[in-house]
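Chemist: Can you look at this prediction? I've put the sequence above it.
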Amino acid sequence: MNLAVRLMQEFKDRDNRHRLKGYRDKAELIRKRNLEAGDEKQLQAESLRLKKEAKSGTPLDELLVDAYALVCEAAKRTLGLQPYDVQIMAAIALHEGFLIEQHTGEGKTLSAVMPAYLNALTGKGVHVLTFNDYLANRDAEWMSPIYRFLGLTVKSVQAGMSLSEKREAYAADITYVTAKEAGFDYLRDTIALSLADTVHRSFHYVIVDEADSLLLDEARVPLVIAGEPGSSGDDGIRFAEVARQLEQDEHYDLDEFERNVYLIEAGATKAEALLGCGNLYDSHNSHLLSSLNCALHVESLFKKDVDYIIRDGKIELIEEYTGRVAENRYLPDGLQAALAAKEGLQWTAGGKILGTITLQHFISLYPRICGMTATAKASAMDFEDIYRLQVVPIPPNRPNIRIDYPHRIYTHKEAKFKALIQEILSVHRGGRPILIGTSSVEESDRLAEALAAAGVPCHVLNAKNDAEEAEVVAKAGEIGAVTVSTNMAGRGVDIRLGGGNPTQAADVAKLGGLYVIGTHVNESVRIDDQLRGRSGRQGDPGASIFFVSLEDELLLRFGTHKTVRAPRQDEALEKPGLRSKITSIQHIVMGQNFDIHQELNCYSDMVEDQRRILYKERLGILKGEQPMSPSEQRVRLFYIDKFWADHLAYVSYLREGIHLESLASRNPIDEFHVQITEAYEQLMDNINRESADMLARLRGSNDPAEWEKFGLKSPTSTRTYIINDQYIQNNRSSWTWATVLAYYLHKSLRPMFGWSKF
């Protein structure tokens, strides 16, 4: 670590120590507000007083001590929970707008109640964003007695609720909801034709649970609302068959990180022969080239039971960071169709996109943001750069005594697998509970089969069934339990020793507590820490270890197997420097992912700015801020929606090839900004012109039947889904240098010589 970085870290550490001391002092003040003597009516009267103060404009900071003292007393009376000092400290940091790192098992759910209550006193509403529906419902029901005791309303939003149910839930003082569902509801609001059809009110204050997963891992995920699905076709099967006949190295290459696939000259020649299309790089063959590259991408880079599974005749994608089946998630249309064709399945196109927003942009709509997670420090710079959120590590209530053993590193996968099985069998014989984190559905199934053959029953968590999974996770600390999980991110359930049975917990503690085994290291140190953190909660004993092989995907990507000179062997390698090299690789990949994130932001931020400008006008129309007749309102909304959807289609088209501008020594991002700015100006002109023409044709008619006759129809149905944005960033994989050259020559020379093609 260089001197500048070390000095900066020391400064931050000193600043944190000073901040935590202030929080401890304030926690003492809260403790001294002893409210035990007050009866229920007196406490509720005090809550009413605070609410009146907040609504009259008294700064919430001045009400914090009294409000938090009330919550502490209410929690004790309603749930039998007495918040620890560190939970109160975390609650203070949340109110001040920080991102807190609070270890697993330290009680984040209760910590969040204090700032949620305080900020809800204004009557403007508070949202607690969770990772899944199960957690939203569980936390709202679990904490509701506290809120209701203090005179506030609390609701949770669930997917599939009716419009009126959602509107009621968002009208509550505190609303627990998944980030994705809140985002989808916002998108539905952006195409509503009346205020009565909207569910959200103005955003105020948000607490983001599992903040690292939602603010970083899932931040770039575009939420989409689209019209009716398009028609399906079998054309993709043709390209799938061609892709299967192309061989790596002979017809295409992968980049050094195996993220992109490149068709080479021999591959293009063979593909042209198989397709019978002539020059694949002719402009009129661009759709063929795009379809072929999508087919080649899914054939060479998408692995069944790793990236996706087939269930009930449908493709279900697997979340990159949780290893679980991703609900309602699709690849961009071209890739999704290619993947369906690869598996011999039908794919119905997603329909015209009417609106889209990333989770990052959605969450940034809240004026006040804070968050909490067990693993934030490793990505502190990312949080600060992207969200201006500073990380505050909260000390544990009891010291962490978990033992984190050094990685065991093997020369090849089979040696690692054998050693892994042997380790599990050895530990299991003593009855010590074991949690094993795997890299994929395929690996978890293979491991479960091997354990079953060895006489060790286990629970496997690798699907999307949150309620049942939570029950399994809760029992993972029982004597003799063996649990195999694809990933622990977003599970939201503590693993208690003995499954919560005090007698059994003592026995498990004597055995050393929960033993966590990772079968690989993740790209991010933070994801590894999430797995480790399942052991050693609240000062419990525990241990963690990671089994790694030089043939693991991450190490292969960086050529570690070539730089480490060691004979193929079954025993673990004894090379201390290798462990630090693995950590360095993880930090490099985290840096790469951050750079990709920043680059994608440069493209999407301006589009989001345009969306917000247009939506502000749209919302003003719904609210009647401009005197308009019903027909004027309907016409303006129709053309805003129509031309915005066209604009999104153009933006998508532009993104596919904009990086080619770099060949002309132009910055692709600058060129993108120039072109979408011009397109947006045309969009506004089109809205104004078409609205005026239609109003003239309608002659002021306010009859909805007349509107429909003139084509002012909204989609009869819409659907919401998520696009896996990680593949959009690799879109340039569709272009080899031959493609690039052909594209650029075509673009530059055709106007000069009047060629239609070459």
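Modeler: Ah, there it is.
Chemist: ok, Ala120 - how many residues close by?
Modeler: Applying other Cβ atoms under 10 Å, we find 25 residues neighbouring Ala120. In short, each C-beta sits where N, CA and C put it, glycine included.
Chemist: where does the closest residue to it other than its chain neighbours sit relative to Lys510, distance-wise?
Modeler: Nearest residue to Ala120, sequence neighbours excluded (Cβ to Cβ, 6 or more residues apart in numbering): Asp173, at 4.1 Å. From Asp173 across to Lys510, the span is 46 Å (Cβ to Cβ, to the nearest Å).
Chemist: Then Tyr117?
Modeler: Distance of Tyr117 to Lys510, given as Cβ to Cβ: 40 Å.
Chemist: returning to that earlier point: which of Asp173 and Lys510 has more neighbours?
Modeler: Higher neighbour count among Asp173 and Lys510: Asp173, with 22 against 11, using other Cβ under 10 Å.
Chemist: For that one, give me its contacts.
Modeler: Shown in contact with Asp173 (Cβ atoms under 8 Å, 6 or more residues apart in numbering): 120, 123, 125-126, 147, 152-154.
Chemist: what's the closest of these to Ala566?
Modeler: Distance to Ala566 across those (Cβ to Cβ) is lowest for Val126, with 55.6 Å.
Chemist: beta partners for that closest one?
Modeler: When assigned by DSSP bridges, Val126 has beta-bridge partners Ile174, Tyr205.
Chemist: what about it, neighbour count?
Modeler: Val126, neighbours per other Cβ under 10 Å, totals 26.
Chemist: How much space separates it from Ile369?
Modeler: 12 Å.
Chemist: which neighbours do these two share?
Modeler: With contacts taken as Cβ under 8 Å, 6+ apart, Val126 and Ile369 have Val206 as neighbours in common.
Chemist: Roughly how far does the residue sitting nearest the centre point of the chain sit from Ala337?
Modeler: Residue closest to the mean C-alpha point of the chain, counted by Cα atoms, centre = their mean, is Glu218 at 1.7 Å. Distance, Glu218 to Ala337, using Cβ to Cβ: 24 Å.
Chemist: Find me the pLDDT at the residue lying closest to Cys294 once chain neighbours are set aside, would you?
Modeler: Spatial nearest neighbour of Cys294, excluding adjacent residues (Cβ to Cβ, 6+ apart): Ala338 at 3.9 Å. On pLDDT, Ala338 comes in at 89.
Chemist: What is the neighbour count of Ala338?
Modeler: 27.
Chemist: go on, Leu425?
Modeler: Burial of Leu425, expressed as a neighbour count using other Cβ under 10 Å, amounts to 14.
Chemist: Residue numbering should commence at 27 henceforth.
Modeler: Right, with 27 as the first residue, what we last looked at is Leu451.
Chemist: Now find how far off-centre the helix or strand containing Leu213 is within its chain.
Modeler: Leu213 belongs to helix 205-216 when assigned by DSSP states H and E. On the basis of Cα atoms, centre = their mean, to the nearest Å, helix 205-216 sits 15 Å off its chain's mean C-alpha point.
Chemist: where along the stretch 377-526 of the chain do the helices fall?
Modeler: All helices of the stretch 377-526 of the chain, identified by DSSP state H, counting those that start in this stretch, fall at 385-389, 406-413, 439-455, 467-479, 492-500.
Chemist: Take those helices and write them to CSV, including distance to Gln636 and mean pLDDT.
Modeler: Listed next are the helices of the stretch 377-526 of the chain as CSV, based on distance: least, Cβ to Cβ, whole Å; pLDDT from 0 to 100:
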stretch, distance to Gln636, mean pLDDT
helix 385-389, 12, 94
helix 406-413, 20, 89
helix 439-455, 49, 96
helix 467-479, 40, 92
helix 492-500, 36, 75
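Chemist: Tell me which of those sits nearest to Met616.
Modeler: helix 406-413 (8.1 Å).
Chemist: What lies in contact with that closest one?
Modeler: 125, 237, 241-242, 245, 386, 389-390, 395, 402, 415-417, 620, 623-624, 627.
Chemist: 6 Å instead, please
Modeler: 125, 242, 415, 417, 620 (Cβ atoms under 6 Å, 6 or more residues apart in numbering).
Chemist: For the residue nearest to Ala146, grab phi and psi.
Modeler: phi -60, psi -40 (degrees, to the nearest 10).
Chemist: mind checking how far it is from Ala71?
Modeler: Per Cβ to Cβ, Asp199 is found 18 Å from Ala71.
Chemist: related to what we said a few turns ago, surely the residue nearest to the centre of the chain and Phe388 touch.
Modeler: No - using Cβ atoms under 6 Å as the test, Glu244 is too far from Phe388 to be in contact (10.9 Å).
Chemist: Name the residues contacting each of these two.
Modeler: Shared contacts of Glu244 and Phe388 (Cβ under 6 Å, 6+ apart): none.
Chemist: what's the burial count for the closest residue to the residue nearest to the centre of the chain other than its chain neighbours?
Modeler: Spatial nearest neighbour of Glu244, excluding adjacent residues (Cβ to Cβ, 6+ apart): Leu385 at 5.5 Å. Neighbourhood size, Leu385 [other Cβ under 10 Å]: 24.
Chemist: could you measure Leu385 against Leu241, distance?
Modeler: For Leu385, the distance to Leu241 - Cβ to Cβ - is 8 Å.
Chemist: Kindly report the same for Asp39.
Modeler: Taken as Cβ to Cβ, the span from Asp39 to Leu241 is 23 Å.
Chemist: Who has more neighbours out of those two?
Modeler: Leu241 (26 against 11).
Chemist: In a strand, that one, correct?
Modeler: No - read with DSSP: H, G, I helix; E, B strand; the rest coil, Leu241 is helix and lies in no strand.
Chemist: other SSEs contacting the longest strand along the chain?
Modeler: Scanning the chain for the strand with the most residues, using DSSP state E, yields strand 568-575. Under the contact definition 3 or more Cβ pairs under 6 Å, 6 or more residues apart in numbering; DSSP states H and E, strand 568-575 sits against strand 434-436, helix 439-455, strand 540-544.
Chemist: Which strands border the shortest one, and is each parallel or antiparallel?
Modeler: Strands flanking strand 434-436 in the sheet, each with its direction: strand 568-575 (parallel) (DSSP bridges).
Chemist: and the angle for the strand it pairs with with helix 439-455?
Modeler: 160 degrees (axes from the mean of the first three to the mean of the last three Cα atoms, to 10 degrees).
Chemist: Please state the mean pLDDT value computed over strand 568-575.
Modeler: Here the average pLDDT along strand 568-575 is 96.
Chemist: which residues of the stretch 627-776 of the chain fall in strands?
Modeler: 745-749 (DSSP state E, counting those that start in this stretch).
Chemist: Show me the shaky parts of it.
Modeler: For the stretch 627-776 of the chain, the stretches flagged by pLDDT under 70 are 682-691, 751-776.
Chemist: Could you rerun that using 50?
Modeler: 689, 754-776 (pLDDT under 50).
Chemist: ok, and what's touching stretch 132-141?
Modeler: For stretch 132-141, the surrounding residues in contact (Cβ under 6 Å, 6+ apart) are 94, 97, 107, 109, 113, 116-117, 120-121, 128, 165, 169, 172, 233, 398, 422.
Chemist: from the residues you listed, which single one is nearest His44?
Modeler: The nearest one, if we look at the contacts of stretch 132-141 relative to His44 and count by Cβ to Cβ, is Ala116, at 16.7 Å.
Chemist: That closest one reaches Ile420, doesn't it?
Modeler: Yes - look at Ala116 against Ile420 with Cβ under 6 Å: they come within range, at 4.6 Å.
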